[in-house]
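In: Just a sequence and a predicted model for now, questions to come.
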Amino acid sequence: MKHRIVITGMGVVTPIGNDVATFWANCRKGICGIGFIESFDTSDFKVKIAAEVKDLEKQNVLDYKEARRMDRFTQMAMIASDEALKDAGLNSNEPENNWGVIIGTGIGGFSTVEKENEKILSKGPKKVSPLFIPMAISNIAAANVAIKYGLRGICESVVSACASGASAIHYGYRLLQQDSATVILCGGSEAAITPLALAGFTSMGALCSHNEPMRASIPFDAKRSGFVMGEGAGIVVMETLENARRRGAKIYAELIGCGATCDAYHITAPDPEGEGGALAMEKAVKEGGIEPSQVSYINAHGTSTPYNDLCETKAIKNVFTDSAYTIPISSTKSMTAHMLGAAGAVEAIVCIKAMEDSFIPPTIGLEEPDPDCDLDYVPKEGRGKELTYTLSNSFGFGGHNVSLLFKKWES
């Protein structure tokens, strides 16, 4: 018999709030976190906007020495993990050997790679930092969380591009179901707003380039032209229902179904008919033991690229048929932009908070609906609604698809 898996803690770092309470309040208000890039000079860049994390307070979690030995993506993972652990009421001084951590990332320590590459080119190989490798490798966020909190169970990193955060949650879910752990911190972190990453995404034509912050990330809008880069971290504490009840934990939601598939189609473009995404949703709903029409809300991958939004719309229609037109859907990337490997984890938290507050966050900036994207995308303003089942979609370059189905917790 498989264990039931619940969410008992949450933590975030995002462009619209560096804790869950602030982030969710700004989601409800429809606050846009996109602006002109401040972390480096964009004079020579075609794209000059992104959704940067502001006012990142490290001192409450990391001392100066710890912080300087970590890439930004690790710092944000640490801060979000600390919030999630405290929110779950877990005593990090007395961890059990079967507590684990799985943190996904799409790119890892990209800013560290760029800085050290500049050193070797300008000053030679002897100037490359001895901390370069342990700051840049993708697994290091999970490792640092485990080291700081003494988590001796599974410690791994999942890399599936923009689906990484959701993939980590899916992986943790399976391990917990199989009794391989009792508690796992799962999620994603990304800090890739750097010159090289911005130039790379721009060169491939993936980014919106008109540099109008309020009209840049506009999922499902007829004038959408590309995604906007974001950064952040999202971590959830997942545990077996038995363990949560044993320790009297507050339960936010139950994860009842997951679907993971691959388009097996193209390295960057989604399957034109959305078949891989549709299959992921079908798997999640089937495992959850519900009918598709029972889904109350879908947090779409919704990147604001012409192909993604159209293909996701087709996928939703394929799975939900007539119900697709009555299920509210929104893309919170309209506010946070695309946090890449962190997106799926943060958006899972959106689904959980939406059920807790009976409120659907909006797709801000959606002013001119695309006739081919004709579903209910909750434009401009959020709305109140009782929600029982919420579905979060995450898709990534390479054709990775993950769908997570959550159920509102009723004690």
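Out: Done, it's in. Numbering: from 1, shown residues only.
In: Name the residues of the host helix or strand of Arg245 that are buried.
Out: Using DSSP states H and E, Arg245 sits in helix 241-246. Residues Leu241, Asn243, Ala244 are the ones in helix 241-246 that count as buried (16 or more other C-beta atoms under 10 Å). Where C-beta positions appear, they are placed from N, C-alpha and C, glycine not excepted.
In: Stretch 268-282 now?
Out: When burial is assessed from 16+ other C-beta under 10 Å, stretch 268-282 yields the following buried residues: Pro270, Asp271, Gly274, Glu275, Gly276, Gly277, Ala278, Leu279, Ala280, Met281, Glu282.
In: Reformat those as TSV; add secondary structure.
Out: Written out in TSV, the entries for the buried residues of stretch 268-282 read as follows (DSSP: H, G, I helix; E, B strand; the rest coil):
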residue	secondary structure
Pro270	coil
Asp271	coil
Gly274	coil
Glu275	helix
Gly276	helix
Gly277	helix
Ala278	helix
Leu279	helix
Ala280	helix
Met281	helix
Glu282	helix
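In: Can you tell me which of the buried residues of helix 241-246 is nearest Ile5?
Out: For the buried residues of helix 241-246, the minimum distance to Ile5 (C-beta to C-beta) is 7.1 Å, reached by Leu241.
In: and Arg383, bridged to which residues?
Out: Here Arg383 shows beta-bridge partners Ile360, assigned using DSSP bridges.
In: quick revisit: mind checking how far the helix holding Arg245 is from the chain centre?
Out: Its chain's C-alpha centre lies 26 Å from the corresponding centre of helix 241-246 when counted by C-alpha atoms, centre = their mean, to the nearest Å.
In: Show me how far stretch 65-81 is from its chain's centre.
Out: Between the centre of stretch 65-81 and the centre of its host chain there is 17 Å, according to C-alpha atoms, centre = their mean.
In: can you check stretch 222-241 too?
Out: Counting by C-alpha atoms, centre = their mean, stretch 222-241 comes out at 3 Å from the chain centroid.
In: tell me how far the ends of it are from each other?
Out: Across stretch 222-241, the straight-line distance between its terminal residues is 44 Å, by C-alpha to C-alpha, to the nearest Å.
In: could you give the mean pLDDT of the helix or strand harbouring Lys283?
Out: Taking DSSP H and E as the criterion, Lys283 maps to helix 275-288. Per-region confidence: helix 275-288 scores 98 on mean pLDDT.
In: do stretch 62-80 as well
Out: Model confidence over stretch 62-80 averages 97 on the pLDDT scale.
In: Now tabulate the buried residues of stretch 268-282 in JSON lines and tack on distance to Ala163.
Out: JSON lines is the format used below for the buried residues of stretch 268-282 (distance: C-beta to C-beta, whole Å):
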{"residue": "Pro270", "distance to Ala163": "12"}
{"residue": "Asp271", "distance to Ala163": "14"}
{"residue": "Gly274", "distance to Ala163": "15"}
{"residue": "Glu275", "distance to Ala163": "16"}
{"residue": "Gly276", "distance to Ala163": "11"}
{"residue": "Gly277", "distance to Ala163": "10"}
{"residue": "Ala278", "distance to Ala163": "15"}
{"residue": "Leu279", "distance to Ala163": "14"}
{"residue": "Ala280", "distance to Ala163": "9"}
{"residue": "Met281", "distance to Ala163": "13"}
{"residue": "Glu282", "distance to Ala163": "17"}
